[in-house]
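Chemist: Take a look and give me a structure for this.
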Amino acid sequence: MAAYKFNLNPKEPREDLIARHKNFGKILSGYQRMTHPLYRTPLYRHRKTLLIVILVLLVAWLVAEFGEEQKEKQKQKIPAPTERKSDQ
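Modeler: You can find the predicted model right below:
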């Protein structure tokens, strides 16, 4: 069995520790952020989300551009089929 220790007469926390954790503004903003749907908030309100979306779009665009270049280079490298001359 596990040894549990119950403190029946705990010390009261100091007033400065209690005051440090009293931050109603932070609690209210966290609650509003959690209850308000993200898709209804403009992207510029959340900088991290906006940066992630921009980076994903930039990477997708770069992959598409370099993919097309690679295809064009491969087409140029492939020689046209030539006919074999038969030995006579």
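Chemist: can you tell me the helix or strand for the most centrally placed residue in the chain?
Modeler: By CA atoms, centre = their mean, the chain has its centre lying nearest to Ile52, at 5.6 Å. Secondary structure assigned from DSSP states H and E places Ile52 in helix 47-77.
Chemist: what's the answer for Lys11, then?
Modeler: Per DSSP H and E: Lys11 is located in neither a helix nor a strand.
Chemist: any idea how far Leu17 is from it?
Modeler: Distance, Lys11 to Leu17, by CB to CB, to the nearest Å: 11 Å. From N, CA and C alone the C-beta is placed, and that goes for glycine too.
Chemist: Please apply the same query to Leu62.
Modeler: Between Leu62 and Leu17 the computed distance is 51 Å (CB to CB).
Chemist: Kindly report the same for Leu55.
Modeler: Leu55 is 41 Å from Leu17, by CB to CB.
Chemist: next one: Lys5
Modeler: Note on Lys5: its distance to Leu17, by CB to CB, is 22 Å.
Chemist: neighbour count winner among those two?
Modeler: Leu17 (9 against 4; other CB atoms under 10 Å).
Chemist: how far does the strand or helix carrying the more buried one sit from the chain's center?
Modeler: In this assignment (DSSP H and E), Leu17 forms part of helix 15-20. Offset of helix 15-20 from its chain centre (CA atoms, centre = their mean, to the nearest Å): 36 Å.
Chemist: For the next helix or strand after it, give the mean pLDDT please.
Modeler: Where DSSP H and E defines the elements, the next helix or strand beyond helix 15-20 is helix 24-35. The average pLDDT within helix 24-35 is 88.
Chemist: what do you get for stretch 8-19?
Modeler: Here stretch 8-19 scores 91 as its mean pLDDT.
Chemist: Much appreciated, bye for now.
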